[in-house]
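J.: would you be able to build a 3D model of this:
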Amino acid sequence: FLVNLPNTDLDQVRSFINKRVEKEGRHSDVDSTFVRLLCSTRSGMGKTLQARRTAERLNSSCQTFQTSGKFLEYEFLIKRWLANFDDKTEHTRVFHVDLTTVNIEEINDILFQISILGGIQTNQSDVWICSKNDIYLFETTLPSDHNGLIDYMPTTLSLSPSEAIQAYLSEGQNSKQSLKKTSPHNFSQLMDYKNFLHPNFQRPCQYLDRYFLGQDLDEFFFLEDAPYGSPLSCLQTLVKSCPVQNPSFSEIFYFTSFLNNQLKSCEQSIFCNLGQEWTGLRFKNFVVNYAIMMAKDLTTRSVDVSDESEGIFKPQIIERRKWENNHHPFIFFNNDSQTMRFFGFWLKDNHLIDPLTQNIIERNIISKNLLQQLQVQQGRDRPMFNFDMDSQSKAVKLRDLCLVFGVNPDTMTDPDPSYELTLDNMNKMLAIFTKMKSNIPVIIMGETGCGKTKMISYMSKLFKGNKKAQNMITMKVHGGVQKESIYESVRKALTTAAKNQRMGIAMTIMFFDEANTSEAISTIKEIMIDRSVDGAPIHENCSLQVIAAVNPYRQHSTEMIKRLESA
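T.: Below you'll find the model as predicted:
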């Protein structure tokens, strides 16, 4: 039969859905619904973190299901939920489904089944009936043309740092609250308060504020006793300091995590704590200044080849120094966290320069008095400044790498005599190592055969010293690779990493080669960015680090596609 749908007040539709998803009985949580949409307008805003925080508030575990295609696999979803089902439990269970890869029709369908029908069913007649004692969280990045039931669900919208700043300013929000109520059933997610209290945010903010005020940092150390500032002041400082314009919370986190590790090493360094011996020289200010410069350089993408695609969102990065076109001078702390090494550091007068072009990279990077004092301290065999690394022997280069990696250079032998070390690939290995120590995802981009795998292989051999162990697990990714095989490989790698850690090998590398050739790319994203395997979080102290190598991605125009198809 054909019937005409009656005109319905959309507010009535929203009210009906809100009543359908109301929790039963009394509850103490700020959220009164058992079905909720966690969304943002772009990635990296903390949706997955919000799901975990919901579970923490309810003293429950978060069971995450990661989708990997455009269509939701109900059979796998019910199988996952049943695997963790206990009909005797009285505790609230939190079911989190990441729908980022799923198309909008599928999202509307699962929301309708859970919130209106009260359960889901597969083609094999397996049925899952929802309990209003449990929580169902559906995560997605909103497409620009979204419509349907997704517009009427109880929603938590994850704001960007800039949007969160405006929310704090306009509403005078309580600084300890991470959620702002925008309607009876909708929230906006601001800055996570637990993250605000973490040293990853506290230490950089304390240093950045004092640095921008021009204060002497030689006698300053991180203050742990009480929270510094507020989430509002913290975000204002970090947004101003981050090189990415209108950054996401992920980009802010990478910047602060890297900077925090550098500042922590700086506080432990004997050279930054000489006290009255170097009064007035501000050596620590010099190191902090360069740590900020390195954080800006190494926590943003540094190659230009990915910019060849058109019509995609590109982060605007202020004064980005592209790796392939610029000289990259660095200061790396040795693994003892007390001493440091200068790489590619060329000075003219007191300016930092590019030795090839003589262009000034940073004016007045160091005072003349401090420069004179450092020149007195430096060794004859390895000067700090104006040192041509490429002209040195491989033994000298290998020693520098070993000291930063924490390997005894006196017992280390060259793991691959055929591999030539240059300042360029040394800086890349050191940058990758420092990023991994800060839990920043590492993606290497380059054409086939340019040496991506060889460099990672050489670096991993250095990590293990002369110990006989496998500390690099390579997975060749291709179009036929499914998420199950990726999960299986990572689980084996986790076991290997734990074994290596007991042997004293600090890092084991899981290397995904040609990671962008498979539709299971979202599974690799889950492992690298969310640090979880099929929804199960990877332990914070796990020594396994994941690196992905990708070939340059280019989005062809319609005209180019037609030409390729007709060729």
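
J.: strands of the stretch 401-550 of the chain, residue ranges please.
T.: With DSSP state E, counting those that start in this stretch, the ranges of strands along the stretch 401-550 of the chain come out as 442-445, 472-476, 508-513, 532-533, 536-537, 544-550.

J.: got a markdown table for the ones you listed, with mean pLDDT, distance to residue 359 and mean neighbour count too?
T.: From N, CA and C alone the C-beta is placed, and that goes for glycine too. What follows is the strands of the stretch 401-550 of the chain, written out as a markdown table (pLDDT from 0 to 100; distance: least, CB to CB, whole Å; neighbours: other CB atoms under 10 Å):
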| stretch | mean pLDDT | distance to residue 359 | mean neighbour count |
| --- | --- | --- | --- |
| strand 442-445 | 90 | 26 | 19 |
| strand 472-476 | 94 | 38 | 18 |
| strand 508-513 | 94 | 36 | 24 |
| strand 532-533 | 90 | 44 | 18 |
| strand 536-537 | 88 | 46 | 13 |
| strand 544-550 | 93 | 31 | 23 |
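
J.: any chance of these in TSV, with distance to residue 341 too?
T.: Converted to TSV, the strands of the stretch 401-550 of the chain look like this (distance: least, CB to CB, whole Å):
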stretch	distance to residue 341
strand 442-445	21
strand 472-476	24
strand 508-513	22
strand 532-533	35
strand 536-537	35
strand 544-550	22
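
J.: sketch out the low-pLDDT regions of the stretch 101-250 of the chain for me.
T.: 172-175 (pLDDT under 70).

J.: rewinding a little: to residue 127, which of the strands of the stretch 401-550 of the chain lies closest?
T.: Ranking these by their distance to residue 127 (criterion: CB to CB) puts strand 536-537 first, at 25.7 Å.

J.: residues touching the closest one, excluding its own?
T.: Defining contact as CB atoms under 8 Å, 6 or more residues apart in numbering, one finds that strand 536-537 is touched by 64, 531.

J.: direction included, what does that strand pair up with?
T.: Strand pairing for strand 536-537, using DSSP bridges, gives strand 532-533 (antiparallel).

J.: ok, residue 415 - contacts?
T.: So residue 415 contacts 458, 461-462 (CB under 8 Å, 6+ apart).

J.: hey, where'd the strands end up in the stretch 201-350 of the chain?
T.: For the stretch 201-350 of the chain, strands defined by DSSP E, counting those that start in this stretch occupy the ranges 330-333, 340-343, 347-348.

J.: could you dump those strands into a markdown table with distance to residue 297 and mean pLDDT added?
T.: Listed next are those as a markdown table, based on distance: least, CB to CB, whole Å; pLDDT from 0 to 100:
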| stretch | distance to residue 297 | mean pLDDT |
| --- | --- | --- |
| strand 330-333 | 8 | 90 |
| strand 340-343 | 13 | 87 |
| strand 347-348 | 18 | 90 |
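
J.: so can I have a markdown table of those showing distance to residue 265 and mean neighbour count?
T.: Conversion of these to a markdown table gives the following (distance: least, CB to CB, whole Å; neighbours: other CB atoms under 10 Å):
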| stretch | distance to residue 265 | mean neighbour count |
| --- | --- | --- |
| strand 330-333 | 4 | 21 |
| strand 340-343 | 8 | 20 |
| strand 347-348 | 22 | 16 |
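
J.: using JSON lines, lay out those together with distance to residue 428.
T.: Converted to JSON lines, the strands of the stretch 201-350 of the chain look like this (distance: least, CB to CB, whole Å):
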{"stretch": "strand 330-333", "distance to residue 428": "11"}
{"stretch": "strand 340-343", "distance to residue 428": "11"}
{"stretch": "strand 347-348", "distance to residue 428": "23"}
